[in-house]
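Build me a model from this:
(4 chains, ligands or ions: 4)
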Amino acid sequence: MNILNFLEKKDISPTPIVPTQTLTSNTLVFLIAIMTFLSALTFGGLILVQKSASAWSSDISREVTIQIMPIEGELMDANLRLAETIAQATSGVSNAQALSIEESEALLKPWLGEELDLTDLNIPRLVVVKLSDPLNADLLSLKNELKIIKGARLDTHDAWRDQLNTMAKTIIISGMLIFLLIVVATLLAVFFATRSTMSSSRQTVDVLHFIGASNRFVAKEFGSRFLRIGLKGSLIGGISAIIFYMLLGFITSSYLPSSSTEQITALFGTFSLSLWDIFAILSLVPIIALLTAYTSRLTVRRFLKQIAW
Amino acid sequence: MNILNFLEKKDISPTPIVPTQTLTSNTLVFLIAIMTFLSALTFGGLILVQKSASAWSSDISREVTIQIMPIEGELMDANLRLAETIAQATSGVSNAQALSIEESEALLKPWLGEELDLTDLNIPRLVVVKLSDPLNADLLSLKNELKIIKGARLDTHDAWRDQLNTMAKTIIISGMLIFLLIVVATLLAVFFATRSTMSSSRQTVDVLHFIGASNRFVAKEFGSRFLRIGLKGSLIGGISAIIFYMLLGFITSSYLPSSSTEQITALFGTFSLSLWDIFAILSLVPIIALLTAYTSRLTVRRFLKQIAW
Amino acid sequence: MIEFNNVSLRYGDGPTILRDISFSIKKGSFHFLTGSSGAGKTSLLRLLLLSLKPSEGKMSMLGQEISKLDRDRLLQLRRHIGIVFQEFKLLDHLSTFENVALPLRVLGQQPKEYEENVKELLNWVGLGERMHALPNVLSGGEKQRAAIARAVISRPDILLADEPTGNVDPELSERLLHLFAELNRMGTTIIIATHELSMIKKFNYPQIALKDGGIIIR
Amino acid sequence: MIEFNNVSLRYGDGPTILRDISFSIKKGSFHFLTGSSGAGKTSLLRLLLLSLKPSEGKMSMLGQEISKLDRDRLLQLRRHIGIVFQEFKLLDHLSTFENVALPLRVLGQQPKEYEENVKELLNWVGLGERMHALPNVLSGGEKQRAAIARAVISRPDILLADEPTGNVDPELSERLLHLFAELNRMGTTIIIATHELSMIKKFNYPQIALKDGGIIIR
Ligand SMILES: Nc1ncnc2c1ncn2[C@@H]1O[C@H](COP(=O)(O)OP(=O)(O)OP(=O)(O)O)[C@@H](O)[C@H]1O
Ligand SMILES: Nc1ncnc2c1ncn2[C@@H]1O[C@H](COP(=O)(O)OP(=O)(O)OP(=O)(O)O)[C@@H](O)[C@H]1O
Ligand SMILES: [Mg+2]
Ligand SMILES: [Mg+2]
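Numbering: from 1, shown residues only, chains lettered A, B, ... in the order given. Ligands and ions are numbered 1, 2, ... in the order given. Okay, the predicted model is just below:
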């Protein structure tokens, strides 16, 4: 914490009128540090979930499938070529490619067993259509045009995507609830701690009043002190959170058995925060510091109102 | 908080020597309440995940499947009956039942498309074997005996179960990490807050010393006070956590669109804590209170060592 | 300068401490305030410091009717009043020097401007060598002198002092009273609460004597 | 009873406050402790209360060599000593009654046992009516009397008092000194630090005078 000492200093000569290094203020710094840490953790978690959810969702939405049923009297290969052509002509499609029989088999194998030979079965065949621009792709016209091929059906995975979105939303909303909870708790904690610090500084306030200091003067002296406490605490908390994430990323990538790493990656994406994410987390620091300063300013004001006549 | 007032009282006549209702102690109560709340939240989350994971896992492990490939010259129906008989004779198996062709089709349909008629295809057939006692079922002998049926294969879903277990373990370990973190933070917070409370009671301690009170006497006076603070704080926190869970369960079941409720249920099971779970969460209350009392007792001891000569 | 009209004071619903008190004090005068322990000397001084409101009656100070002032004007008025508390009320985390300089800081003066004055005054009251000590290592008498120095450093128009010589030896007592007399000659109105009969006799200023809630000026 | 052998005292590496002091005080004696402000009266009393260690030299009290005692024995010894602090040191959250009863509570007495005694003593020092008041609403003199009552309630073998009459009027002062004299007659050894020459003259007990770090007993 020594590197944070600069936060204690002001211009050199006079000692601050409000004592700076008391145990109560250390408690407050610590408390703010914990709360910032927890907020940052939740916040980082939110970023990670949100990222992987949108990654899943865009993976899925970048691909639609045309399924062609084997129908007596239709030439499957010709139909596959036709579907490819129609799809490729649709706006927003980058590429359409029929799966070979072997590829289709590979998709089915886990369900039908290893030894199955599908070559002499008439199984349905698939055309995988890659979208360059999922949002603006004209899937409706594609669907209409496919009607000329008997047994063709367009599968846009909508149901899947909906489910995924709902799930991601649910997780994010729960996370935001917890985040809010922690922020509210932080503010309450600051409020209580400010009051207790104030009341242990009651003597100082009294004396300042008796020698004619205005409420503005007193509030300023306390305000700047609490801003410094808030900054110190939230900096410690924010930096700890980033270190925590770095350690976590390091541990998951190097120590855990790779099978669980895969699980985690599937669930949360990689535990790697980009510079932007770190920046976003660090932006909590000034916010919490300012909230602290503001809360304590309000508290000080109320306190001063109560004790002057 | 009025109902908690009884915690403040002792026998009637003399006022406690250590002041009971100061702002610093209110801050401490509040702080402990928050930390207990967060611990209980994490703890409850752990219970929920653990429960649904073991529910998944036991759902899976209660069932194994025998897959029989269609092989030229074998009578599928006879083989199915034979497989059923062998399975039923194995210890730990409660029931074995071949799936009808329709049921098999139903399993395949999502993958092959609605319109597919499998009746004239020779698809592999399944025998679902329910285990009464998954741990002691003699799957090895079942596997051996099935060798007499050509094209039969036993699928114990081991890969699936492994994956699920790894995932659940990962989540639980992460949760435990967070839980530990919060507990450590609580203890640190109590430590700091105790010190600050002590130093604001410095005057009291001095006076007690000057009139010849022993350290035992002083430590006892403080100890009982901190135990009460810890109890009050952790009770408030624990009860809030339970209320929080109840509200959450209520909200998820009545207000969210049912699709997201399903998602949540799939992920976490229902948000319903059993009486036992509530009991487990509440067991945090005395633990945290005792930890508080113990931490502060140590702090008080150290403090007393420092100031006496 | 100071006018009391039928002022009464009681704390909460306790007994009446001061009953129907009326008096006026002229600018530049010097009074002792006497009365037995618990008679209400400190309470009267707190009225004069504007830190207590009278339960009844009117008071005006420095030409202003107190009940008509808002809070900011009150605090402004206080800057013209210096006070020595019976229990000193020094700030524990500030050195003696900084405690004494506090009123000047509140008035907005910079360290450069007040440093000389503060040091000179500290030397005068015999605290030159304890300047950098914190209050809780000072002896009783040293604290009292620091409190006196803080009260007079800003040359207030009115000086109130509550038993300012209770903790110092008679020699130093007299020296401090000479300091007050000096300030008085320069125009400061002074009211000193004290028990020390020998001082009262020696300096022979008029007395405001409190007895059973009323006052006698002699 | 009390023996000082070449005792010296300095705080940290500040100047030496007491230098090579030797004296002995007999059981049942009564001394005034005098000296100008900052001479070291409070410091000497803190040595006697065992709340300061001498920097050099040996002291023994009640027949025990202090440097040889462990902490528990020290605290035990303190129960035989009553003290009136210059700044009172009453506990703000306890009523006057409870402050005075504190030493008896520490000795393990129950409320029933001490209630009568405490009330009687409070009446004697004139605080009967302020018994349930908290210290911060007491006047200076009332606090001082409460502090005195707390010091004498347990009938200590040694009574130390630091300017116990600095905040009360001469009449009450004399009354309180008579209380001390009464205790003394019953066997308590008494040492009172004071500035009040009139008291010293009137009661005419021997003086321990501090000057420039040394002492003169007369
Ligand atoms: N804040 C308060 N609330 C209630 N009663 C109070 C308060 N302050 C003082 N008193 C009571 O009012 C009476 C007068 O107190 P005050 O301090 O004015 O006396 P004083 O003349 O200064 O006495 P002393 O010489 O002992 O300092 C006392 O009985 C005291 O207990
Ligand atoms: N804890 C301390 N640390 C450093 N110096 C101290 C400490 N306590 C007292 N002193 C200094 O020691 C000297 C003697 O102090 P002491 O309180 O014993 O004087 P005293 O005789 O009681 O004076 P008074 O009559 O003013 O109360 C003073 O100069 C004081 O500043
Ligand atoms: Mg008074
Ligand atoms: Mg002293």
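
pLDDT averaged over the longest helix seen in chain C - what is it?
Taking DSSP state H as the assignment, the helix of chain C that covers the most residues is helix C:170-185. The average pLDDT within helix C:170-185 is 90.

same for the next helix or strand after it, what does it pack against?
Under the assignment DSSP states H and E, the closest C-terminal helix or strand after helix C:170-185 is strand C:189-193. Under the contact criterion of 3 or more Cβ pairs under 8 Å, 6 or more residues apart in numbering or on different chains; DSSP states H and E, strand C:189-193 touches strand C:30-34, helix C:41-48, strand C:158-162, helix C:170-185. C-beta: built from backbone N, CA, C; applies to glycine.

so does the second one get close to ligand 3?
Spelled out, that is helix C:41-48. Yes. Helix C:41-48 reaches ligand 3 (Cβ under 5 Å from the ion) through C:Thr42.

quick one: contacts of that helix?
Here helix C:41-48 makes contact (Cβ atoms under 8 Å, 6 or more residues apart in numbering or on different chains) with C:2, C:7, C:9, C:17-18, C:21, C:33-35, C:52, C:54, C:59, C:61, C:81, C:83, C:86, C:158, C:160, C:162, C:191, C:193, C:210, D:139-140.

again, only this time at 7 Å
Residues from elsewhere that reach helix C:41-48, judged by Cβ atoms under 7 Å, 6 or more residues apart in numbering or on different chains: C:2, C:7, C:9, C:17-18, C:33, C:35, C:52, C:54, C:59, C:86, C:160, C:162, C:191, C:193, C:210, D:139-140.

How about the first one?
Strand C:30-34 is contacted by residues C:25, C:41, C:44, C:184, C:190-194, C:200, C:205-209 when judged by Cβ under 7 Å, 6+ apart.

one step back: which positions within the longest helix of chain C qualify as buried?
C:170, C:172-177, C:179-180, C:183-184 (16 or more other Cβ atoms under 10 Å in any protein chain shown).

quick one, strands of the stretch 51-200 of chain A?
Here the stretch 51-200 of chain A has its strands, by DSSP state E, counting those that start in this stretch, at A:63-68, A:93-98, A:125-131, A:152-155.

Dump those to CSV, plus distance to chain C, mean neighbour count and mean pLDDT.
Below are the strands of the stretch 51-200 of chain A laid out as CSV (distance: least, Cβ to the nearest Cβ, whole Å; neighbours: other Cβ atoms under 10 Å in any protein chain shown; pLDDT from 0 to 100):
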stretch, distance to chain C, mean neighbour count, mean pLDDT
strand A:63-68, 69, 20, 81
strand A:93-98, 71, 17, 84
strand A:125-131, 69, 21, 83
strand A:152-155, 74, 18, 79
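
Out of these, which is closest to D:Arg150?
Proximity to D:Arg150, assessed across the strands of the stretch 51-200 of chain A by Cβ to Cβ, is greatest for strand A:63-68 (86.4 Å).

Against which helices or strands is that closest one packed?
Strand A:63-68 is packed against helix A:76-89, strand A:125-131, strand A:152-155, with contacts defined by 3 or more Cβ pairs under 7 Å, 6 or more residues apart in numbering or on different chains; DSSP states H and E.

Contacts for that strand, please.
Outside strand A:63-68, the residues within contact range by Cβ under 7 Å, 6+ apart are A:76, A:79-80, A:83, A:87, A:124-131, A:139, A:146, A:149, A:151-157, B:113.

picking up where we left off before, for chain D, find the nearest of the helices and strands packed on strand A:63-68.
Among these, strand A:125-131 comes nearest to chain D, with 74.0 Å by Cβ to the nearest Cβ.

Paired strands for that closest one, with orientation please.
Using DSSP bridges, the strands paired with strand A:125-131 in its sheet are strand A:63-68 (antiparallel), strand A:93-98 (antiparallel).

Settle this for me: C:Gly57 is touching C:Leu9, isn't it.
No. Contact criterion Cβ atoms under 7 Å: C:Gly57 and C:Leu9 do not qualify, at 8.7 Å.

Turn the strands paired with strand A:125-131 into a markdown table, columns for distance to ligand 4.
Formatted as a markdown table, the strands paired with strand A:125-131 follow (distance: least, Cβ to the ion, whole Å):
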| stretch | distance to ligand 4 |
| --- | --- |
| strand A:63-68 | 89 |
| strand A:93-98 | 92 |
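
that older thread, so for C:Gly57 and C:Leu9, which sits in the more crowded spot?
Of the pair C:Gly57 and C:Leu9, C:Leu9 is the one with more neighbours under other Cβ atoms under 10 Å in any protein chain shown, namely 21 against 18.
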